[in-house]
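# From the sequence below, what's the structure:
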Amino acid sequence: MIGRDPSLVVTPEDDAFHPPTDDDPSWIETMWFPFWVPEEALSGSLRLWFSPNAGQQGGAVAGWTGDSKGLFGDRWTEAWSGPPDLRALRLSHGVEIDCLEPLARYRLHHQGPNSSLDLEFTATMPPNPVAPEESPGMFAGHLEQPGHVTGELRFADRVVAVDCYSIRDRSWGPRQMPETLRLGNAHGTAEGFGFFLYVNPTQDGVERITSGYLLKDGVAATIVEGVRETTLHEGMPVAVRFEARDASGRTLRAEGACRNTMASNAGNGVYAVLNLIGWEHDDGVAWGENHDVWSESAWLAAGRPRL
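A predicted model of the protein is given here:
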């Protein structure tokens, strides 16, 4: 069992849509599948969201490199079309997602105006359920899961093979951002190895690691404590290091330079900075990302430009 709370259990029903439990207009369900081509410092993602109480749904497919240099993109918002079948999903904008094996394998397809992708995600560990208090105001239910992503990406007359280790996540519930929201995470995955860290900075700026998981030597355990340290240049991360300990007493130390940056308005009052990193640790390199998440008001109050 991974996770602090033994009552948090992920079942195959969590592959399906979670109907709202009340009429809160901020209720949202999201699906996120990131991927990368490390040798090109290229990152991409497919993200979908559904807000039934607000009568809307939408998504974004994007690829980038360098300093927020977009390579392709397709972003849309449209009227709510009714409860979706997230296990055999067909949407506008050429989106198809099929659950090939519950909680384990997913086929992803998108045909956009300037790009297309055909990918398959195969899990390397059961989903990690996360308690709402780890990211206050962000969700009622959440999971993330490491896996192997393979397939093809097409853009700008190029066909790019994708063969990477990454994660997926799902969230559902009301999303009511505190005015001063400031949190983060870091994750990396390789064959037989993976980690995910939740970072909740203290008021004095310590980047405290509060939860997550470590998968190593065939054993997955909950992260219980740690500290992340971020090196900034002109307000943006350029390198990150951390030390964390899991519930079995294992210590993970890793560091890496940021290979690219994407600073974006993720919607719903959330600003995010994503960095691709090849995390160097005692047993090798695990590719993944470092994330910083802000409420819009906290971002602007820090003197950063509106996104």
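
# Give me the phi and psi for Ala54.
phi -90, psi 0 (degrees, to the nearest 10).

# swap in Glu13?
Glu13 adopts backbone torsions of phi -60, psi -20, taken as degrees, to the nearest 10.

# Compute the distance between it and Gly194, please.
24 Å (C-beta to C-beta, to the nearest Å). For glycine as for every other residue, the C-beta is placed from the backbone atoms N, C-alpha and C.

# Ok, Glu40 next?
22 Å.

# Which one of the two is surrounded by more residues?
Neighbour count, other C-beta atoms under 10 Å: between Glu40 and Gly194, Gly194 has more, with 26 against 12.

# Got the confidence number for that one?
Looking at Gly194, its pLDDT stands at 97.

# The strand or helix carrying it: partners in the sheet, and parallel or antiparallel?
Gly194 belongs to strand 193-199 when assigned by DSSP states H and E. The sheet places strand 193-199 alongside strand 182-190 (antiparallel), strand 207-216 (antiparallel), with pairing taken from DSSP bridges.

# Just name the most buried of those.
strand 182-190 (a mean of 24; mean count of other C-beta atoms under 10 Å).

# In a strand, Thr202, correct?
No - counting by DSSP: H, G, I helix; E, B strand; the rest coil, Thr202 is not found in a strand; it is coil.

# Now for it, how many residues are close by?
8.

# Contact partners for it?
Contact partners of Thr202, counting by C-beta atoms under 8 Å, 6 or more residues apart in numbering, are Arg208.

# who's in contact with the residue lying closest to Asn200 once chain neighbours are set aside?
Once flanking residues are discounted, Asn200 sits nearest to Thr210: 5.0 Å by C-beta to C-beta, 6 or more residues apart in numbering. By C-beta under 8 Å, 6+ apart, Thr210 lies in contact with 134, 198-200, 225.

# looking at this, Trp299 is in a helix?
Yes - assessed with three-state DSSP, Trp299 lies in a helix.

# what about Glu39, is that helix, strand or coil?
Glu39 ends up helix, using three-state DSSP.

# What is the burial count for it?
Count around Glu39 with other C-beta under 10 Å applied: 6.

# Could you do Glu191 as well?
Every residue meeting other C-beta under 10 Å relative to Glu191 is counted, giving 10.

# Val10 reaches Leu143, doesn't it?
Yes - if you go by C-beta atoms under 8 Å, Val10 and Leu143 touch, sitting 5.4 Å apart.

# Residues that sit against both of those two, list them.
The contact sets of Val10 and Leu143 overlap at 127, 129 (C-beta under 8 Å, 6+ apart).

# unless I'm mixing things up, Asp246 is touching Asp217, no?
No - Asp246 is beyond contact range of Asp217, at 11.8 Å (criterion: C-beta under 8 Å).

# what helices or strands is the helix or strand of the chain with the lowest mean pLDDT leaning on?
One helix or strand of the chain scores below all others by mean pLDDT, DSSP states H and E: helix 296-301, with a mean of 86. Applying 3 or more C-beta pairs under 8 Å, 6 or more residues apart in numbering; DSSP states H and E, one finds that helix 296-301 contacts strand 270-281.

# Next, the angle strand 193-199 makes with the strand it packs on.
140 degrees (axes from the mean of the first three to the mean of the last three C-alpha atoms, to 10 degrees).

# List the strands paired with strand 270-281, with their directions.
Strand 270-281 is paired, per DSSP bridges, with strand 251-267 (antiparallel), strand 284-295 (antiparallel).
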